[in-house]
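Engineer: next one to model:
(one chain, ligands or ions: 1)
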Amino acid sequence: MSRESLSERVLALRAQREAAHRRRRIRMVTRRDGVRCVVDGRELLNFCSNDYLCLSQHPHMIAAMRDAADEGAGSTGSHLVCGHGAQHSALEAELADWLQAPRALLFGSGYMANLAVVQALLGAGDVCVQDKLNHASLIDAARLAGCTLKRYPHNDADAAERQLAAHPDGAALLASDGVFSMDGDVAPLRALAAIARDRQATLYIDDAHAVGVLGNVGRGSIDAAGLDADDVPLRLVTFGKALGSAGAAVVGDADLIAHLAEAARPYLYTTALPPAQAAATRAAVRIAQAGDDLRECLRINIERLKTGAQARGLALLASDTPIQPLLVGRDADALAMSEALEAQGYWVAAIRPPTVPEGSARLRITLSAAHDARQVDGLLDALSRACDAVTA
Ligand code: PMP
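Structural biologist: Below is the predicted model of the structure:
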C-alpha cells in the first residue's frame, strides 16, 4: 500500500467533473443595478438570484449599513464572548415580533444555523426525519449530529409519519424546507404539523425561500399555511434571500433557543455578524413587513412567466413561488441552454447533480419584484429559442 496523492486525486476528480458537464465556475459580477448586472464583463439580466424583493439594492438598507458602519467594521468576537451588540439584540427582537414567535437567535449563515439546530438538539439514539429534497445543510446537519437520518420521498407526509412511527425511542426532529430551493414548491405544512404533534416530534421548518415572500406581511410559509409558532416550534430565516443581506436566525420556542445559544457549536465558536450587517437586515425586515406592493409585483411576474411558458409549450415545474424551474434532464443540455440564454443576455443558472437528483438537471429561473413585463417576456422568447437550439 502506498499513500494516495491528494493532488492527483483532485485532478482526476476535476477531469471527471469536466467530462460529465459538472464543471463549476465562479462568475465575476462587477456591477449590479436592480436586476441588471455585468457578469465577466457582459451586461446580463439576472434571473438566477434569490434577491426576490430586490432589497440588496434598496437605498434604506444601504443607508442603514453605512450609518451602522460607525459602530465598527466587525463584531470582534462570538456572541457569548464580546460580539453581541445593540444592533444584534434589536434585530432579534424585531424578527421575533414580525414572525410572532417568542425568540430569535442570530447565526452567521443559514448553513450554520441548520448545523446548529440539529447538532444541539439530537445525538446518537435520536432520529431526524427529513424530506429527500431538503437543503444540503439540513442533510449535512443530521450526519454531523450522529443521529439516525431518515429521508422520506418528496412531500410525502404519510411516509414521514411511517418513519417517525418506526423510531419510537429517543427524541425526534421532523425537518422540511418550507419552499424547496430547487423546485419552488411548498411543503405540506399542515400535515407535517399534525404528524409531529401525534408522534411527539419537534417540527423544524427551513423557511429560507419563503420569509418576505409568502404569508401575511411576508411572514413565510408557516403563516401562509395558517400555522403559527405553537405548531412549528423552530424555523430558519435566512437574510441572504428576500431580505437582501446575509446571515440567518432561528426563530421559535424560548427554551429550545436558549439551549441553542448555550450548546450549538456553530453559534458558540464563530464571530457574530458585523453590526452594520445586522443594521441593514433590520431595515430589510421593516421593508419586507410593509412590502405588500413588492409581493404584488412578484406575484404578477410569477403569473406572467407561468402563463407565457404555458403558451409557448415550456413545461415549468408546478410552483407558485419565485422559483420557477424548467426541467431539462441531461446535464449537458441544461448547460447548453444556460449558455444559449446567456448569449441572448439572460442569466439563468443550470442546476445539476449533486444539487438535484441524477437525470433532473434544470434551469432554475428565479423572479424578482424588480423585473418588468418586457423582461419576463424577453426571457420567455429567449427560453423558446434556447430550447429549440438544444433539441434541434
Ligand atoms: N436553506 C435553504 C433552503 C437554502 O436554500 C439555503 C441557501 N442556499 C440555506 C438554507 C443556507 O442559507 P445561507 O445561504 O444563509 O447559508
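Engineer: got the domain boundaries for this protein?
Structural biologist: Per the record, the chain has its domains at 21-53+292-391, 59-289, by automatic domain parsing.
Engineer: what number of residues lie near Thr76?
Structural biologist: Burial of Thr76 is recorded as 14 neighbouring residues (other C-beta atoms under 10 Å). In this view, the C-beta of every residue, glycine as well, is placed from N, C-alpha and C.
Engineer: would you say it is within a helix?
Structural biologist: No - using DSSP: H, G, I helix; E, B strand; the rest coil, the secondary structure at Thr76 is coil, not a helix.
Engineer: show the pLDDT at it.
Structural biologist: According to the prediction, Thr76 has pLDDT 97.
Engineer: how about the strands in the stretch 151-300 of the chain?
Structural biologist: For the stretch 151-300 of the chain, strands defined by DSSP state E, counting those that start in this stretch occupy the ranges 172-177, 202-206, 234-238, 248-252.
Engineer: can you pull the buried residues of stretch 345-354?
Structural biologist: Residues of stretch 345-354 classed as buried by neighbour count (16 or more other C-beta atoms under 10 Å): 346-352.
Engineer: any residues of the stretch 51-200 of the chain in contact with the ligand? List them.
Structural biologist: Residues of the stretch 51-200 of the chain lying close to the ligand (C-beta under 6 Å from any ligand atom) are 109-111, 114, 135, 137, 177, 181.
Engineer: of these, which pair is most distant in space?
Structural biologist: Taking C-beta to C-beta, the two most distant members of those are Ser109 and Asp177; they sit 15.8 Å apart.
Engineer: have a look at these two and say which one is more surrounded.
Structural biologist: Neighbours of Ser109 and Asp177, each counted by other C-beta under 10 Å, are more numerous for Asp177; the result is 25 against 18.
Engineer: what about the closest residue to Thr270 other than its chain neighbours, neighbour count?
Structural biologist: Here the nearest residue to Thr270 in space, its sequence neighbours aside, is Gly108; by C-beta to C-beta, 6 or more residues apart in numbering that works out to 5.4 Å. With neighbours defined by other C-beta under 10 Å, the count for Gly108 comes to 19.
Engineer: show the contacting residues for Gly108.
Structural biologist: If a contact means C-beta atoms under 8 Å, 6 or more residues apart in numbering, then Gly108 has 247-248, 266, 270-273 as its contacts.
Engineer: report pLDDT for it.
Structural biologist: Looking at Gly108, its pLDDT stands at 98.
Engineer: start at 51 instead
Structural biologist: Understood, numbering begins at 51; the last thing we discussed is Gly158.
Engineer: what about it, distance to Leu430?
Structural biologist: Taking C-beta to C-beta, to the nearest Å as the measure, Gly158 falls 38 Å from Leu430.
Engineer: and what of Asp190?
Structural biologist: Distance from Asp190 to Leu430, counting by C-beta to C-beta: 36 Å.
Engineer: and if you look at Asn205?
Structural biologist: Remark: distance between Asn205 and Leu430 (C-beta to C-beta) = 28 Å.
Engineer: also Glu58?
Structural biologist: Per C-beta to C-beta, Glu58 is found 46 Å from Leu430.
Engineer: please name the bridge partners of the residue lying closest to Arg414 once chain neighbours are set aside.
Structural biologist: Using C-beta to C-beta, 6+ apart and skipping residues adjacent in sequence, the residue nearest Arg414 is Ile401, 4.7 Å away. Using DSSP bridges, the bridge partners assigned to Ile401 are Arg412.
Engineer: who's in contact with Ile401?
Structural biologist: Contact analysis of Ile401 by C-beta under 8 Å, 6+ apart lists 232, 375, 384, 411-414.
Engineer: and those, which two are furthest apart?
Structural biologist: Of all pairs drawn from the contacts of Ile401, the one with the longest distance (C-beta to C-beta) is Met232 and Ala384, at 12.0 Å.
Engineer: so for the two, which sits in the more crowded spot?
Structural biologist: Taking neighbours as other C-beta under 10 Å, Met232 and Ala384 compare with Ala384 leading, 26 against 19.
Engineer: gap between the closest residue to the ligand within the chain and Val440?
Structural biologist: Using C-beta to the nearest ligand atom, the single residue of the chain nearest to the ligand is Gly160, 2.4 Å away. As for Gly160, its distance to Val440 is 33 Å (criterion: C-beta to C-beta).
Engineer: settle it for me: which of those two has more neighbours?
Structural biologist: Counting neighbours by other C-beta under 10 Å for Gly160 and for Val440 shows that Gly160 has the greater number, 25 against 17.
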